[in-house]
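Q: 3D model of this:
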Amino acid sequence: MQGTLPRSRLVSAPADGNRKQENAMQSNAQSAVTPVSPEVLKQRARDIVPRLVERAAQADEQRRVPDETIRDLQEAGLFRVLQPKAYGGYEMDPQVFYDIAMILSEGCMSTGWIYGIIGVHNWQLALFDPRAAEDVWKEDTGTLVASTYMPKGQVTPVEGGFKFSGRWGFSSGIDHCEWVLLGGLIFNEGQPPEYRTFLVPRSDFRVEDTWHTMGLKGTGSNDIIVEDAFVPEYRTHKAADGFAGTNPGGDTFTSPLYKIPFGQIFVRAVSSAAIGALSGAVNEFRNWATDWTGNMGSKTAEQAPAQLAVAEAMTTVDELKLILHRNFEEILDGIRQNKPVSVERRLHFRYQAAQVVDRCAERVSRLMAAAGGRSIFTDFPVQRHFLDIHTARAHYANNAHMFGSNFGGVMMGRDNTDFFI
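A: Alright, predicted model coming up:
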């Protein structure tokens with residue numbers, strides 16, 4: 001398939017600081033990447049959607065996205081959108097990545113959800129010391145990474161790194177990943193706790209099956225348990241570096257893409273799938289309403305509540321996509337002009353990301369109401385999208401009230417309380 005890459009080692013970046021050798025190796029790796037356009041990648045995603053619809057019930061039943069689906073995404077090169085070129089990636093703008101997540105979610109939100117979360121880690125690895133990316137991709141540039149950022153890790157500093165233990169929930173797509181990013185706090189006397197992300201291989205963690213939920217069943221977001229593992233210093237990333245743009249990987253992975261604040265990238269990975277799922281719900285509703293005649297003798301498609309619910313849902317999807325694209329255009333333009341966006345603007349964008357799932361939940365609920373009594377039956381085609389979108393509201397990053405209150409408070413002179421922006 002055009003633009004795909006073998007799942008093999010493309011480059012081994014040296015850890016000794018030899019920039020000349022490193023640049024030469026990256027150049028060779030980049031020349032090995034077959035050029036592919038955003039339009040081609042998005043069309044490949046669209047071509048996969050019918051298969052996702054067919055497998056949606058299987059994903060829900062097995063409580064994990066099928067292996068065949070992950071293979072389809074890999075073969076289409078979709079996980080490589082934000083991945084560094086040095087490791088076979090495309091280093092495209094994040095708008096492309098989120099467009100793909102939305103397209104996939106039209107067929108199966110669980111698939112779009114884990115694509116967004118797993119795929120964004122291929123971006124985050126570029127923030128770490130370059131040795132971390134080498135550990136993950138030195139043998140296979142298609143290796144995938146999961147996460148759960150809860151600050152649950154118990155951290156003990158030791159020579160060369162940390163002893164690390166803990167239990168974390170909500171690790172989406174972990175069954176398909178060989179590494180995981182885990183949150184932990186380092187306590188230094190007289191200073192605030194320091195939040196870091198710790199990169200841990202599968203040999204150092206185990207997965208406990210806990211994922212029995214009302215929606216997003218296919219994400220397989222199970223628990224992770226680590227017991228006294230050693231994590232070298234270079235496989236940790238400070239949240240403060242992500243906020244300030246002082247990431248250890250900055251001198252190696254130099255694209256403007258990797259200068260975007262971490263908080264802006266990640267929050268869209270857990271909200272954008274809802275936009276696609278709402279689009280999928282509208283498609284299902286329109287197909288159903290065109291042929292369905294209710295008990296009162298009129299077609300649903302001829303009823304004003306159904307017509308308005310469709311119109312509102314479609315315009316909401318359009319609005320949310322436009323805001324997403326506008327925000328990242330502004331962020332990237334600022335980076336390229338060496339004029340990063342202000343904290344106030346980042347808070348604005350943060351709140352808009354948090355609003356997405358609530359907005360989509362409201363619209364899909366209107367579609368369900370417009371279907372009347374038919375909507376309560378488990379074979380009603382909109383119901384899966386309804387449950388998936390409402391489940392996404394439970395993610396911490398989608399708490400619109402909390403982030404909206406902080407943004408509004410800052411606009412009225414109060415101190416900012418959110419640094420994950």
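
Q: residue boundaries of the helices in the stretch 301-421 of the chain?
A: 304-336, 343-370, 383-392, 400-411 (DSSP state H, counting those that start in this stretch).

Q: where's the second one relative to the chain centroid, distance-wise?
A: Translated: helix 343-370. 16 Å (CA atoms, centre = their mean, to the nearest Å).

Q: which residues touch the closest residue to Ser365 other than its chain neighbours?
A: With CB to CB, 6 or more residues apart in numbering as the measure, Phe386 is the residue that lies nearest to Ser365, at 7.0 Å, once sequence neighbours are left out. Yep, even glycine has a C-beta here, placed from its N, CA and C like the rest. Contact partners of Phe386, counting by CB atoms under 8 Å, 6 or more residues apart in numbering, are 215, 281, 364-365, 367-368.

Q: Now the two most distant members of those.
A: Gly215 and Leu367 (15.3 Å; CB to CB).

Q: Settle it for me: which of those two has more neighbours?
A: Using other CB atoms under 10 Å as the criterion, Gly215 and Leu367 rank with Leu367 on top: 26 against 22.

Q: Spit out the contact partners of that one.
A: Leu367 touches 281-282, 285, 309-310, 313, 382, 386, counting by CB under 8 Å, 6+ apart.

Q: if we go to 7 Å?
A: Applying CB atoms under 7 Å, 6 or more residues apart in numbering to Leu367 gives the contacts 281, 285, 309, 313, 382.

Q: The third one: neighbour count?
A: Per other CB under 10 Å, the neighbour tally for Ala309 reads 23.

Q: still on that earlier bit, nearest to Trp211 among the helices of the stretch 301-421 of the chain would be which one?
A: Closest among the helices of the stretch 301-421 of the chain, using CB to CB: helix 383-392, at 11.0 Å.

Q: buried residues in the closest one?
A: By 16 or more other CB atoms under 10 Å, the buried positions in helix 383-392 come out as 383-392.

Q: Those into a markdown table, with extra columns for distance to Asp93 and pLDDT?
A: Formatted as a markdown table, those follow (distance: CB to CB, whole Å; pLDDT from 0 to 100):
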| residue | distance to Asp93 | pLDDT |
| --- | --- | --- |
| Gln383 | 35 | 97 |
| Arg384 | 31 | 97 |
| His385 | 27 | 98 |
| Phe386 | 31 | 98 |
| Leu387 | 32 | 98 |
| Asp388 | 27 | 98 |
| Ile389 | 26 | 98 |
| His390 | 30 | 98 |
| Thr391 | 29 | 98 |
| Ala392 | 24 | 98 |
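
Q: Could you single out the nearest of those to Tyr234?
A: Using CB to CB, these come closest to Tyr234 at Ala392, 33.6 Å.

Q: what sits against the closest one?
A: 216, 273-274, 357, 398.

Q: In this structure, what residue spans correspond to strands?
A: 145-158, 161-171, 179-186, 194-201, 206-208, 222-232, 236-238 (DSSP state E).

Q: Can you name the residues in contact with the last one?
A: Spelled out, that is strand 236-238. 127-128, 194, 196-198.

Q: Which neighbours in the sheet does that strand have, and how are they oriented?
A: Sheet pairing of strand 236-238 (DSSP bridges) gives strand 194-201 (antiparallel).

Q: hang on, the earlier thing: is it possible to get a markdown table of the contacts of strand 236-238 that adds distance to Gly263, pLDDT and neighbour count?
A: Converted to a markdown table, those look like this (distance: CB to CB, whole Å; pLDDT from 0 to 100; neighbours: other CB atoms under 10 Å):
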| residue | distance to Gly263 | pLDDT | neighbour count |
| --- | --- | --- | --- |
| Leu127 | 12 | 98 | 25 |
| Phe128 | 16 | 98 | 25 |
| Glu194 | 16 | 95 | 15 |
| Arg196 | 15 | 97 | 23 |
| Thr197 | 12 | 98 | 23 |
| Phe198 | 18 | 98 | 23 |
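
Q: can you put the residues you listed in CSV and add distance to Leu182?
A: Below are these laid out as CSV (distance: CB to CB, whole Å):
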residue, distance to Leu182
Leu127, 15
Phe128, 13
Glu194, 15
Arg196, 9
Thr197, 7
Phe198, 5
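
Q: Closest one of those to Gly183?
A: The closest of those, once distances to Gly183 are taken by CB to CB, is Thr197, at 6.1 Å.

Q: So that closest one is in contact with Leu181, correct?
A: Yes - judged on CB atoms under 7 Å, Thr197 makes contact with Leu181 at a distance of 5.0 Å.

Q: buried set for stretch 140-158?
A: Of the residues in stretch 140-158, 140-153, 155 count as buried by neighbour count, 16+ other CB under 10 Å.

Q: quick check, nearest of these to Trp168?
A: Nearest to Trp168 out of the buried residues of stretch 140-158 is Thr148 (CB to CB; 4.0 Å).

Q: Right, I'll call it a day here.
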